[in-house]
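Engineer: Give me a model of this one.
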Amino acid sequence: MFIKKLPIDKFFELFKELKENEFWCLNVEEPDEIYNYLMEILPVRFARINQAIPNFELKWSENRIDSEIFSDFIIAILPEGELKISSLERHIAFKRYYLKSKKDIEDAIHVEELFNDKLDKEKINKLKKLIEEL
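Structural biologist: Modelled structure (predicted):
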C-alpha cells in the first residue's frame, strides 16, 4: 500500500488508528522506529494483532509511477465501506513488469483473465514503458 509521505505527527495519528483497530507492525514495535524505516524507503508490514498472515505492506510513494496511483484508482465497495485501489491496468503492469516474481506474474495473469474485456491494453503498454524508464 503506497501512501503519501507524512510528517511524523500525522504518521503517529495513523499508527494510533491502526493500533486502535487492532493492527500491529511486524517489523518493529515503536512508532518512531516504524517512521524511520519509512523515511529510509523501507516498507513495513502490518497485520491483525496475534496474526502474521494475512498482512499488508506500507510504504511511501517513491517515484512518479508510485505517486500517480493517487489519481489512477478504482473504488472497491466493501461491507465496511469504500477502498481506493490502483487501477487494474496499473496493478497488472506493476506486477508483471516491475515486481516480476513468479507469484506477481501469476497474479497479473489472473487479473488479465478475469477482466480481459474491460482492460485498456494501451494503458498497460504505456505503464510498461514508464516502468522501464525507472
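Engineer: right, and the helix or strand after the lowest-mean-pLDDT helix or strand in the chain?
Structural biologist: Lowest by mean pLDDT, DSSP states H and E among the helices and strands of the chain is helix 64-67, with a mean of 73. Downstream of helix 64-67, the first helix or strand assigned by DSSP states H and E is strand 73-78.
Engineer: Can you give the domain ranges for this structure?
Structural biologist: The record's domain split for the chain, according to automatic domain parsing, is 2-60, 64-133.
Engineer: Where do the strands of the chain begin and end?
Structural biologist: Here the chain has its strands, by DSSP state E, at 2-3, 23-25, 44-48, 55-60, 73-78, 81-86.
Engineer: I'd like those as JSON lines, with distance to residue 34, mean pLDDT and mean neighbour count appended.
Structural biologist: To be clear about C-beta, it is placed using only N, CA and C from the backbone, and glycine gets the same treatment. Below are the strands of the chain laid out as JSON lines (distance: least, C-beta to C-beta, whole Å; pLDDT from 0 to 100; neighbours: other C-beta atoms under 10 Å):
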{"stretch": "strand 2-3", "distance to residue 34": "12", "mean pLDDT": "88", "mean neighbour count": "16"}
{"stretch": "strand 23-25", "distance to residue 34": "5", "mean pLDDT": "98", "mean neighbour count": "18"}
{"stretch": "strand 44-48", "distance to residue 34": "5", "mean pLDDT": "97", "mean neighbour count": "16"}
{"stretch": "strand 55-60", "distance to residue 34": "9", "mean pLDDT": "94", "mean neighbour count": "16"}
{"stretch": "strand 73-78", "distance to residue 34": "25", "mean pLDDT": "93", "mean neighbour count": "10"}
{"stretch": "strand 81-86", "distance to residue 34": "22", "mean pLDDT": "90", "mean neighbour count": "12"}
